[in-house]
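Student: structure for this input, please:
(2 chains)
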Protein chains: 2
Amino acid sequence: MKQAAYVAVDWGTSSFRLWLVDRASNVLGERRSHEGMVAAGKPGFAAVLQSHMDAVGAAHELPVIVCGMAGARQGWVEAGYVDTPAPLAAILRHAVVVPGQDRDIRILPGIAQRDRAAPDVMRGEETQLLGALGIDAAGEAVVCLPGTHSKWVRVNGGTVERFATFMTGELFDAVSRETILSHAVSGADDAVDIDAFESAVTASFDAPALAANLLFQVRSGQLLYGGTPSAAREKISGTLIGLELAAGLAGEMPGTGITLVASGRLQMLYQLAFDTVSVPVRSIGAEDAVRRGLAMAAQSIWNA
Amino acid sequence: MKQAAYVAVDWGTSSFRLWLVDRASNVLGERRSHEGMVAAGKPGFAAVLQSHMDAVGAAHELPVIVCGMAGARQGWVEAGYVDTPAPLAAILRHAVVVPGQDRDIRILPGIAQRDRAAPDVMRGEETQLLGALGIDAAGEAVVCLPGTHSKWVRVNGGTVERFATFMTGELFDAVSRETILSHAVSGADDAVDIDAFESAVTASFDAPALAANLLFQVRSGQLLYGGTPSAAREKISGTLIGLELAAGLAGEMPGTGITLVASGRLQMLYQLAFDTVSVPVRSIGAEDAVRRGLAMAAQSIWNA
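Tutor: Numbering: from 1, shown residues only, chains lettered A, B, ... in the order given. Sure, this is the predicted structure:
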């Protein structure tokens, strides 16, 4: 039987994922829950971690490597930031030990861009970057990590040079739930209306200033010409993703195109959006990336 | 004593305003409440109207002219649309009589832009336009009517040629209440942080594609450098208004600049935004405009 070497945890704002891993990076057990930073505050981070370790039969003394919002000021223990330009290797050197525990628990820091003209922060994505690019990535890469707060990151020779966060996912949720457009999308099924999505991406990519108008057209178009709730949802999503791409692709691109770190529906939508604007993409699974990044950290810290 | 000639009502989605008016357009009484289209559905539109007429001592048999969402499909009686190109005078000719009433109540129609590439609708703003420009306005005007759903309208020789709706106000509400930025603005006082507003307008006006990134900077800037809740609120507002202006001002402008139809805080913010991007503005009060538009309708329909 394979023997567990460490526990890896991706602890986001609203999600918790845990893997029990052996020395050869095999996953021996896995847990996922909604006990993210916000929900974990009440029972306490240590208790939440322990309950999931028990559930996968992890020995109490195993070391634990954590990334994400558990390291935020409002999280478990503040893990600070590495400032840009930030070598990805520096992330590993600045892992913070959670004090007062009877085992070794460490939280990886985030990255901060201390630029008054473009202040920005990430927490969790640095570990995905590590896993996606490797610790000593040669050459230049522009990496797009879609999500509630999408990140666009320029990495050169293993160092994060600059990055920008776009509130795309959170805007999508707020707009489709809390505005007049909630009526337009109500009752949408899971099937993606590809035509509606692509034409919305094109419209806002070509004229980003029109974003707030294109969103209203979801309503007025349905009022005057009808249309399905799914088409309305895809128009909102396409408008916001097209807006993000217009900014993200405005700078100089490496010849290799974009590295997309995403999974599931988001992966599919962003892939479609990049195809729509004819930009080549290398796609890496977001979950693979974070697990690989955590494995690199465990390897570097404990030689695990 | 002055004698009332008619009752004028501006019935929006979430607001109700009523004026008791004499033949010389003097206001003899006034009411305002939150019984807009949504809230009025339950007690019924007729009951809400009657209660406010009673409150200002209006005789039951007085004719009533209404504009706004009371004429929507989900409103009192559907008043339809005049299609673009829409002569403002046509609005008056297409007022719809509310059936089954023992007095003359009429609702003014909206305007629809039946263009599949840019479908749009307005309801209420056509009456403001009428009041702001007059029924036979000569020459060209670009009119900006800020609000929950801001309208930009091109009027030529008294005819609405084209218009576009921007969800600016509703985006502001959704973003500052329902996203991570709600923490940043929490506790903001009434004083306007003019510097924060102006620099946000400039940033998104100059680079509209960055809108979703500039919004996140409200959060990351506060995290890394501090800042007041008011500054955060003005940055959100400035970003969204700057985005709107970038689109609204992209077309060819009449030499006279922009006609701004707005009141109160919105008037102040938009005036500031136009000043920031050096565009001359002629400002007209929104409430005056709608009252004048309703008076023109009453005059034309009842010679009141």
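
Student: in the stretch 1-150 of chain A, which residue sits nearest chain B?
Tutor: With C-beta to the nearest C-beta as the measure, the residue in the stretch 1-150 of chain A that lies nearest chain B is residue A:119; the distance is 4.3 Å. Glycine gets a C-beta too; all of them are placed from N, C-alpha and C.

Student: look up how far residue B:201 lies from that residue.
Tutor: To residue B:201, residue A:119 is 18 Å away according to C-beta to C-beta, to the nearest Å.

Student: which one's more surrounded, those two?
Tutor: For the pair residue A:119 and residue B:201, the greater number of neighbours falls to residue B:201 (30 against 20), based on other C-beta atoms under 10 Å in any protein chain shown.

Student: tally of neighbours for the nearest residue to that one once chain neighbours are set aside?
Tutor: For residue B:201, ignoring the flanking residues on the chain, the nearest one in space by C-beta to C-beta, 6 or more residues apart in numbering or on different chains is residue B:242 at 3.9 Å. Applying other C-beta under 10 Å, we find 27 residues neighbouring residue B:242.

Student: wait, residue A:15 touches residue A:32, no?
Tutor: Yes - counting by C-beta atoms under 8 Å, residue A:15 sits close enough to residue A:32 to count as a contact (7.1 Å).

Student: neighbour count: these two, which is higher?
Tutor: More neighbours surround residue A:15 than the other of residue A:15 and residue A:32, with 17 against 13 (other C-beta under 10 Å).

Student: which residues are in contact with the more buried one?
Tutor: Contact partners of residue A:15, counting by C-beta atoms under 8 Å, 6 or more residues apart in numbering or on different chains, are A:32-34, A:36.

Student: try it again with 6 Å
Tutor: Listed by C-beta atoms under 6 Å, 6 or more residues apart in numbering or on different chains, the contact set of residue A:15 reads residue A:36.

Student: next: residue A:141.
Tutor: So, once contact is read as C-beta under 6 Å, 6+ apart, residue A:141 ends up touching A:155, A:259.

Student: next up, phi/psi of it, please.
Tutor: Main-chain torsions, residue A:141, degrees, to the nearest 10: phi -140, psi 140.

Student: partner residues bridging it?
Tutor: Residue A:141 has the following beta-bridge partners by DSSP bridges: residue A:155.

Student: residue A:259 versus that one, what's the distance?
Tutor: The span separating residue A:141 from residue A:259 equals 5 Å under the rule C-beta to C-beta.

Student: now do the helices in the stretch 101-250 of chain A.
Tutor: A:125-133, A:168-178, A:181-185, A:194-206, A:211-225, A:229-248 (DSSP state H, counting those that start in this stretch).

Student: residues near residue A:194, how many?
Tutor: 14.

Student: grab the nearest non-local neighbour of it.
Tutor: Closest residue in space to residue A:194, ignoring its immediate chain neighbours: residue A:272 at 6.7 Å, by C-beta to C-beta, 6+ apart.

Student: return the most buried member of the helices of the stretch 101-250 of chain A.
Tutor: helix A:125-133 (a mean of 28; mean count of other C-beta atoms under 10 Å in any protein chain shown).

Student: contact partners for the residue nearest to residue A:80 when sequence neighbours are not counted?
Tutor: By the measure of C-beta to C-beta, 6+ apart, the closest residue to residue A:80 outside its immediate chain neighbours is residue A:109, 4.9 Å from it. With contacts defined as C-beta under 6 Å, 6+ apart, residue A:109 is in contact with A:79-82, A:94.

Student: switch to 8 Å and redo it
Tutor: A:71, A:79-82, A:91, A:94-96, A:126.

Student: determine which two of these are furthest apart.
Tutor: When the contacts of residue A:109 are compared pair by pair using C-beta to C-beta, the farthest-apart members prove to be A:96 and A:126, with a separation of 13.6 Å.

Student: my read: residue A:82 touches residue A:89, true?
Tutor: No - Residue A:82 lies out of contact with residue A:89 (C-beta under 8 Å); the separation is 9.8 Å.

Student: more neighbours: those two, which one.
Tutor: residue A:82 (22 against 15).

Student: please list all residues in contact with the more buried one.
Tutor: A:90-91, A:94, A:109-112, A:126.

Student: phi, psi for residue A:68 please.
Tutor: Backbone dihedrals for residue A:68, given as degrees, to the nearest 10, come out at phi 110, psi -160.

Student: so what's the residue count around it?
Tutor: When counting by other C-beta under 10 Å, one arrives at 28 neighbours for residue A:68.

Student: okay, and the beta partners of it?
Tutor: Under the criterion used (DSSP bridges), residue A:68 bridges to residue A:11.

Student: in the helix or strand bottoming out on mean pLDDT in chain A, which residues are buried?
Tutor: Sorted by mean pLDDT, DSSP states H and E, the helices and strands of chain A end with helix A:37-40, the least confident at a mean of 92. Buried residues in helix A:37-40, counting neighbours by 16 or more other C-beta atoms under 10 Å in any protein chain shown, are found at A:37, A:40.

Student: could you export it as PDB, CA atoms only?
Tutor: Presented in PDB, the C-alpha positions along helix A:37-40 are these (Å, rounded to 0.1, in the frame of the first residue of the first chain):
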ATOM      1  CA  MET A  37     -12.300  31.100   4.000                       C
ATOM      2  CA  VAL A  38     -15.700  32.700   4.700                       C
ATOM      3  CA  ALA A  39     -17.400  29.600   6.000                       C
ATOM      4  CA  ALA A  40     -14.400  28.200   7.800                       C
END
